[in-house]
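Q: Provided below are the primary sequence and the corresponding predicted coordinates.
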Amino acid sequence: MAVRRTRHGRRDLAVLLLGFALAARRSELRLLDWTDLEVEEGLAVEVWRPKANHEGPLGVPFGSSPATCPVRAWRRCLIEHGRQPVGPLFVRIDRHGRIAHPMHRHGQQIGDPSGRG
């Protein structure tokens, strides 16, 4: 599928599959940082959930199908693009496929300065 070859497509697929595997809300995925992940035999993700009590990270194993595996999608999206493992896990991407800079309106910075998606 051609959409998965673009930076947008890889990010969106990783967000969708990881969100489904974690049963996470959009707000929970948006708050994920690199420090919330541990890579072992899959992923261990520490998700902040205001309405649920849980202790420790949630496990995300490798999927049986490479096309729908959240761990493989995450690796393709983030590791292959050479981003440094600091800051937000998922960032905004502009229409040209570049990681977007902080947004400004009338000279004032708006939105999240870290570039969260």
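A: The structure has been received and is ready for your questions. Everything quoted here is computed from the prediction, not taken from an experiment.
Q: Walk me through the regions of this structure where pLDDT falls short of the threshold, as ranges.
A: For the chain, the stretches with pLDDT under 70 are 1-4, 49-54, 79-84, 100-102, 111-117.
Q: at 50 what do you get?
A: The chain contains no residues with pLDDT under 50.
Q: mind listing the helices for the protein?
A: For the chain, the helices defined by DSSP state H occupy 7-22, 26-30, 70-74.
Q: nearest to E55, of the ones you listed?
A: helix 7-22 (15.5 Å; C-beta to C-beta). C-beta: built from backbone N, CA, C; applies to glycine.
Q: Tell me the helices and strands packed up against the closest one.
A: helix 26-30, strand 42-45, strand 58-60, helix 70-74 (3 or more C-beta pairs under 8 Å, 6 or more residues apart in numbering; DSSP states H and E).
Q: Give me the buried positions along that helix.
A: For helix 7-22, burial by neighbour count (16 or more other C-beta atoms under 10 Å) applies to 7, 9-15, 17-19, 21-22.
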